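In: give me a 3D structure for the following:
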Amino acid sequence: MVKQAPADCEEREGTMPKAILVNPKDNVAVAVEPVRKGDEILVQTEPPLRLTAATDVTVYHKFALRDLSRGDSIVKYGEEIGVATADIPKGAHVHVHNVASRSLLEDETLRVPKVPRL
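Out: Numbers count the residues shown, from 1 in each chain. Purely as a prediction, here's the structure:
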């Protein structure tokens, strides 16, 4: 569960890696600073959200705001941008190693395991 940041987080946010949520429908956020596994991440939303990084996350890359299962849609900009090809824990890096295009996954010629349409 993504926790709401405490009321005093603005005083402490300079010490936490920051991230942005592009659209309220998104299940990923974007790191605007490098994030190390175990870092507390402040996601700049209203109200602010706080979670712990499950993995390192490269600056400007996505991370999961909740646990995602293989086959779940990855939503950014309020739209599906891909499908999880593996389980992705909350706070983990979301990138090409665990996400693929639904159209690629459904292409029989690529021999990629099918992911159910959600």
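In: can you give me the helices in this structure?
Out: Here the chain has its helices, by DSSP state H, at 9-12, 102-105.
In: my guess is S69 contacts A84, does it?
Out: Yes: judged on C-beta atoms under 8 Å, S69 makes contact with A84 at a distance of 6.7 Å. Just so you know, the C-beta spots here come from the backbone N, C-alpha and C atoms, and that holds for glycine as well.
In: more neighbours: these two, which one.
Out: Between S69 and A84, A84 has the larger neighbour count (other C-beta atoms under 10 Å), namely 20 against 9.
In: any low-confidence regions in the protein?
Out: 1-17, 107-118 (pLDDT under 70).
In: again, only this time at 80
Out: Within the chain, the stretches with pLDDT under 80 are 1-17, 104-118.
In: contact partners for the nearest residue in space to V59 that is not next to it in sequence?
Out: In space, and not counting its chain neighbours, V59 is closest to P34: 4.9 Å by C-beta to C-beta, 6 or more residues apart in numbering. Shown in contact with P34 (C-beta atoms under 8 Å, 6 or more residues apart in numbering): P17, D56, V57, T58, V59.
In: so who does the second one touch?
Out: Taking C-beta under 8 Å, 6+ apart as the definition of contact, the neighbours of D56 are P34, V35, R36, K37, H93.
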